Every structure is written in C-alpha cells, then in structure tokens.
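A.B. asks: Take this sequence and fold it.
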Amino acid sequence: MAWIILVLAGLLEIGWAIGLKYSAGFTRPLPSVLTAISMLGSVVMLGLALRTLPLGTAYAIWTGIGTVGTAIFGIMVLGEPASAARIACIALIVSGILGLKLLSPQ
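C.D. replies: Take a look at the predicted model:
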C-alpha cells in the first residue's frame, strides 16, 4: 500500500509543478488554489509512505516521478525540446526509479 501512496504522491507532485506554471506566480486564483492543494496532498502522502518505506528510497522515487512527469509534460504540451540527449536523461531517471523500487527491502 505504501508504494501506491508514494506513486500517487509523485503524481500530485507533477500536478503542483505544472500548477506553478499556470498560477503565474500565484496571481491566478484557481490555478493557485489547485497548486496549493496538490502540494499539500503530495507532501502528506509522502509522509504516509515514509511510515514504512526507507527515507532515501521514497524521497528519490517521489522526486523522480515528479521530475520525469514534469519533463514529459513540458515536451508534449509546452513544446519544450525533445532532443535525444534529453530523452536519454529522462530514461536514466526512470531506470533509477525502477532500480530503487526493485532493490528496496520493502
């Protein structure tokens, strides 16, 4: 169950990172509120997952999910560059996430 909560926390991290872009420096009310809710939910869920998962593993996976998801969103929606090197770096992060999960004692 902790792994599911951790993945959901990572997905909410993607949501708040994207929300920061659309809140325009917290000047737009709806995106700002949704961003704050995503931030709070993400951190609370990370805290719940940390009850049973190792800190370093959980934190690295949480940030990795957020990083990969946000980078993919930037490429697919915001038209950010999708160079081979950038895709390779994203793949390295994904392999690190998978490696941490597979090698975790939990």
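A.B. asks: Quick one: list the elements packing against whichever helix or strand Ala91 is part of.
C.D. replies: Element membership for Ala91 (DSSP states H and E) is helix 84-103. When contacts are defined as 3 or more C-beta pairs under 8 Å, 6 or more residues apart in numbering; DSSP states H and E, helix 84-103 sits against helix 55-76. (Glycine included, C-beta is placed from N, CA and C.)
A.B. asks: okay, which residue is most central for the chain?
C.D. replies: Geometric centre of the chain, nearest residue: Gly66, 1.7 Å, by C-alpha atoms, centre = their mean.
A.B. asks: Report the inter-axis angle for the helix holding Ala91 versus helix 55-76.
C.D. replies: Relative orientation of helix 84-103 and helix 55-76, computed by axes from the mean of the first three to the mean of the last three C-alpha atoms, to 10 degrees: 150 degrees.
A.B. asks: okay, helix 84-103 in CSV with CA atoms only?
C.D. replies: Coordinates of each C-alpha in helix 84-103 appear next as CSV, following Å, rounded to 0.1, in the frame of the first residue of the first chain:
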residue,chain,number,x,y,z
ALA,A,84,17.9,12.6,-27.9
ALA,A,85,20.2,13.6,-25.0
ARG,A,86,17.2,14.9,-23.1
ILE,A,87,15.2,11.8,-23.7
ALA,A,88,18.2,9.7,-22.7
CYS,A,89,18.5,11.6,-19.4
ILE,A,90,14.8,11.1,-18.7
ALA,A,91,15.3,7.4,-19.3
LEU,A,92,18.2,7.3,-16.9
ILE,A,93,15.9,8.8,-14.2
VAL,A,94,13.2,6.2,-14.9
SER,A,95,15.8,3.4,-14.7
GLY,A,96,17.0,4.9,-11.3
ILE,A,97,13.4,4.9,-10.1
LEU,A,98,12.9,1.3,-11.2
GLY,A,99,16.2,0.2,-9.7
LEU,A,100,15.4,1.8,-6.3
LYS,A,101,12.0,0.1,-6.3
LEU,A,102,13.3,-3.3,-7.3
LEU,A,103,16.2,-3.2,-4.8
